[in-house]
Structure formats: C-alpha cells, structure tokens
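# Starting from these lines, generate the structure:
(2 chains)
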Amino acid sequence: DAKTTQPTSMDCAEGRAANLPCNHSTISGNEYVYWYRQIHSQGPQYIIHGLKNNETNEMASLIITEDRKSSTLILPHATLRDTAVYYCIVRVNNQGGKLIFGQGTELSVKP
Amino acid sequence: GAVVSQHPSWVICKSGTSVKIECRSLDFQATTMFWYRQFPKQSLMLMATSNEGSKATYEQGVEKDKFLINHASLTLSTLTVTSAHPEDSSFYICSARMRGGLYNEQFFGPGTRLTVL
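Residues are numbered from 1 along each chain as shown, chains lettered A, B, ... in the order given. Have a look, this model is predicted:
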C-alpha cells in the first residue's frame, strides 16, 4: 500500500473550517483514500473515503486532486470535540487490503 | 452504525501471567478481524489479521507464540498475551471487517489497556 505524508500537528479555531492535507504521491490506480480519526484513548473512528471523486458525508468532505497524489479532509465547522489525531490511509479496496496507520495529524481545535 | 466491543476495557496483571482480550462484532458478521497495538504517543501498529476458522497471519516482528489469536466465529476473536511482561503493557485495539460490505468497511473497538506489573 502507498505511503502517506501528513503534517504532525495543526490548530484550528472553533467554528472555522479545518483543512487537513495528505500527500500520497505513490498511490496506485486501485487504491482508495481513507480517513480515520482517534480521540484520545479511544479506538479509531471512520470518517470518509474516496477513490477519485470528491466525497461528502455528515462528518466531512474529502477533496482528491485530479492526479490523486494528494487529498484534503475538510471539517466544515470544527468543534472542540473534533480535537483528535487524524489518519490518512491509502488501501487497495479488496479483501486483502489492510489499514496501515501512519503518524497522522494531531488537530487541536481551540476556543 | 456497526459496533465492535472489546472486553475488558482495561486490565492489570502480574508479570508472567496470561491475559485474554475479547473482540466482538455486535450487529454484523465479520469475515476478518485485525489486532493492533498502540504505545503512548505512537500510532497504531498492526499485529495480525485473522479470518474465521483459519490461522491468523502475523505481521513481521510479532511473535505468534506470545500473542495467540483465535477467531472462532464470525462475531468473536480473542487475543491472548501469554506470559506477559511489563514491555507488553500497551493499548490493544481490534477491528472487524464487515462481511458483505460494499466497501469492505472496517470498524474499530474501543481498545483494551493492558498494564503488566
């Protein structure tokens, strides 16, 4: 599975949009981009995933560049409860695809 | 949404004893379950992958005789840390992949914190 690169940490003001970047320049054509987050001392929580089209759900939006070498997770109105470590993972979407976690981005939402 | 539970949520044991951690998918059947370990301030590290009714596949560097995994049914997997030592103290997290899920959705349990004295 392709490797991802994320900033170590980011700050965001409460109520503002949080934009979390991820580079995955070696992504293959059949690999999906997944985003999970982990709030302190809890299990990871699924946020969103996509292949090449932009995706939106009740939690976030995922913007994937046309060449698929990078993506951005957008939390439109960050709250204090969004403070967590956010992981960007690329994975082949088949039965054998494992989720391999990188270091992630520690997002701190501040009042 | 799909729920994965773990039991116990935390455990403290003496060095040399064995500890069993259960992982259950509560409202779906899981073709595959995964076990991760997480040390403080670090990311999750995949330990092993288990499929129902077959032997687990361990990641490189993970001792299969120390971390015994049993996946007896489509809703239950267990991880037994044998002869635990203080360096095995960690946060253990399981994950279950939904059987028949369109996108091979994978859901995580809340984790089990193991402290070995």
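
# Contact partners for the residue in chain A that chain B sits nearest to?
Chain A approaches chain B most closely through residue A:43 (3.7 Å), counting by C-beta to the nearest C-beta. Backbone N, C-alpha and C define where each C-beta goes, glycine included. Residue A:43 makes contact with B:4, B:6, B:93, B:95, B:108, B:109, B:110, B:111, according to C-beta atoms under 8 Å, 6 or more residues apart in numbering or on different chains.

# Need those in TSV (columns: secondary structure).
What follows is the contacts of residue A:43, written out as TSV (DSSP: H, G, I helix; E, B strand; the rest coil):
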residue	secondary structure
B:4	strand
B:6	strand
B:93	strand
B:95	strand
B:108	strand
B:109	coil
B:110	coil
B:111	coil
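
# how close does the residue of chain A closest to chain B get to residue B:115?
Relative to residue B:115, residue A:43 is positioned 18 Å away (C-beta to C-beta, to the nearest Å).

# I'd like to know the average pLDDT value across stretch A:12-30.
The average of the pLDDT scores along stretch A:12-30 is 94.

# mind listing what the helix or strand containing residue B:33 pairs with, with the direction of each?
Using DSSP states H and E, residue B:33 maps to strand B:30-38. Sheet pairing of strand B:30-38 (DSSP bridges) gives strand B:45-51 (antiparallel), strand B:90-98 (antiparallel).

# Does residue A:111 touch residue A:14 like I think?
Yes. The pair residue A:111 and residue A:14 qualifies as a contact (C-beta atoms under 8 Å) at a distance of 5.2 Å.

# neighbour count winner among the two?
Neighbours per residue (other C-beta atoms under 10 Å in any protein chain shown) separate residue A:111 from residue A:14, with residue A:14 holding more: 15 against 7.
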